[in-house]
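**Student:** Give the three-dimensional model of this entry:
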Amino acid sequence: MAAPDPRPMPVTADQPDGFDPDGFDPAGTPVSPSELNAWRRGFTPQAEIWNGRLAMLGLSLGLTVLLLVRLATA
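**Tutor:** This is a model prediction of the structure:
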């Protein structure tokens, strides 16, 4: 597998900031991990990644609290 191109993505007319919502640049190389972990607001792939992470954290904490309460009252 070839190394990702370190040059910035070209700016296109339909995407003036050069951001590709599918997570790939026009050449088809994957987006860097720092880009995927960026804290971007709105309906972006980065926001969806953070939404999933925080949802799993909340679910895990909720189930842990439920388990601890049931064990403490048994």
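**Student:** which helices and strands does the top helix by length along the chain pack with?
**Tutor:** When the chain is parsed with DSSP state H, its longest helix is helix 45-73. Judged by 3 or more C-beta pairs under 8 Å, 6 or more residues apart in numbering; DSSP states H and E, the packing partners of helix 45-73 are helix 33-36. In short, each C-beta sits where N, CA and C put it, glycine included.
**Student:** how about the CA coordinates for the helix it packs on, as CSV?
**Tutor:** This file holds the C-alpha atoms of helix 33-36, laid out as CSV (Å, rounded to 0.1, in the frame of the first residue of the first chain):
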residue,chain,number,x,y,z
PRO,A,33,-6.5,9.8,11.6
SER,A,34,-6.0,13.3,12.8
GLU,A,35,-8.7,14.5,10.3
LEU,A,36,-11.1,11.8,11.4
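**Student:** helices or strands next to it in the packing?
**Tutor:** Where contact means 3+ C-beta pairs under 8 Å, 6+ apart, helix 33-36 is packed against helix 45-73.
**Student:** Now the helix it packs on: buried residues?
**Tutor:** Buried residues in helix 45-73, counted by 16 or more other C-beta atoms under 10 Å: 45-46, 50.
**Student:** For these, give me JSON lines that also has distance to residue 68 and pLDDT.
**Tutor:** Shown next, in JSON lines, are these (distance: C-beta to C-beta, whole Å; pLDDT from 0 to 100):
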{"residue": "45", "distance to residue 68": "35", "pLDDT": "79"}
{"residue": "46", "distance to residue 68": "33", "pLDDT": "82"}
{"residue": "50", "distance to residue 68": "27", "pLDDT": "88"}
